[in-house]
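S.K.: return a 3D structure for these sequence lines:
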Amino acid sequence: MGFGLVVRFVAHSAEAARAFDRLAEKALEGIRTKEPGTLVYVNHAVPEEPTVRVFYELYADREAFEEHERQPHVQAFLAERAQYLASFDVTFLEEISGKGSSPDQASR
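M.R.: As a prediction, the model looks like this:
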């Protein structure tokens, strides 16, 4: 199905988490319009943990992820995010099996 990752971000405070959300939304504008190889890119809040955000990202392939990383809107996000964060952790994912939204994935 592609190349994926999960990133867990911990902001300095709930206020910093909300500012981080606004920064992420700016990046998402470019991701939605300029990245056909980015299949899923979602910012999640974690119930009962107001300073935590979890991104789930799925790309058509590794090359689509690398293209994503080169985009100006992503570079701006990467440059600015540190001011809001206490920490973050990236986990790269390798598909074993699953079901996707495209018809060719229905049989997997």
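
S.K.: what ranges does this protein have for its strands?
M.R.: 3-11, 38-46, 49-59, 85-93 (DSSP state E).

S.K.: as a markdown table, those strands with distance to Glu66 would be great.
M.R.: Every residue, glycine included, has its C-beta placed from N, CA and C. Formatted as a markdown table, the strands of the chain follow (distance: least, CB to CB, whole Å):
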| stretch | distance to Glu66 |
| --- | --- |
| strand 3-11 | 9 |
| strand 38-46 | 11 |
| strand 49-59 | 9 |
| strand 85-93 | 13 |
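
S.K.: need those in JSON lines with mean pLDDT, can you?
M.R.: Shown next, in JSON lines, are these (pLDDT from 0 to 100):
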{"stretch": "strand 3-11", "mean pLDDT": "97"}
{"stretch": "strand 38-46", "mean pLDDT": "97"}
{"stretch": "strand 49-59", "mean pLDDT": "97"}
{"stretch": "strand 85-93", "mean pLDDT": "97"}
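
S.K.: and the longest helix for this protein?
M.R.: helix 14-34 (DSSP state H).

S.K.: export that helix as CSV, just CAs?
M.R.: C-alpha atoms of helix 14-34 as CSV (Å, rounded to 0.1, in the frame of the first residue of the first chain):
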residue,chain,number,x,y,z
ALA,A,14,-1.7,23.0,25.6
GLU,A,15,-1.3,26.5,24.2
ALA,A,16,1.8,25.4,22.3
ALA,A,17,-0.1,22.4,21.0
ARG,A,18,-2.8,24.7,19.6
ALA,A,19,-0.1,26.8,17.9
PHE,A,20,1.5,23.7,16.5
ASP,A,21,-1.9,22.7,15.1
ARG,A,22,-2.1,26.0,13.3
LEU,A,23,1.4,25.5,11.9
ALA,A,24,0.4,21.9,10.8
GLU,A,25,-2.7,23.3,9.1
LYS,A,26,-0.6,25.6,7.0
ALA,A,27,1.5,22.7,5.8
LEU,A,28,-1.6,20.7,5.1
GLU,A,29,-2.8,23.3,2.6
GLY,A,30,0.2,22.6,0.4
ILE,A,31,0.1,18.9,1.1
ARG,A,32,-3.6,18.7,-0.1
THR,A,33,-2.9,20.7,-3.3
LYS,A,34,0.6,19.8,-4.3
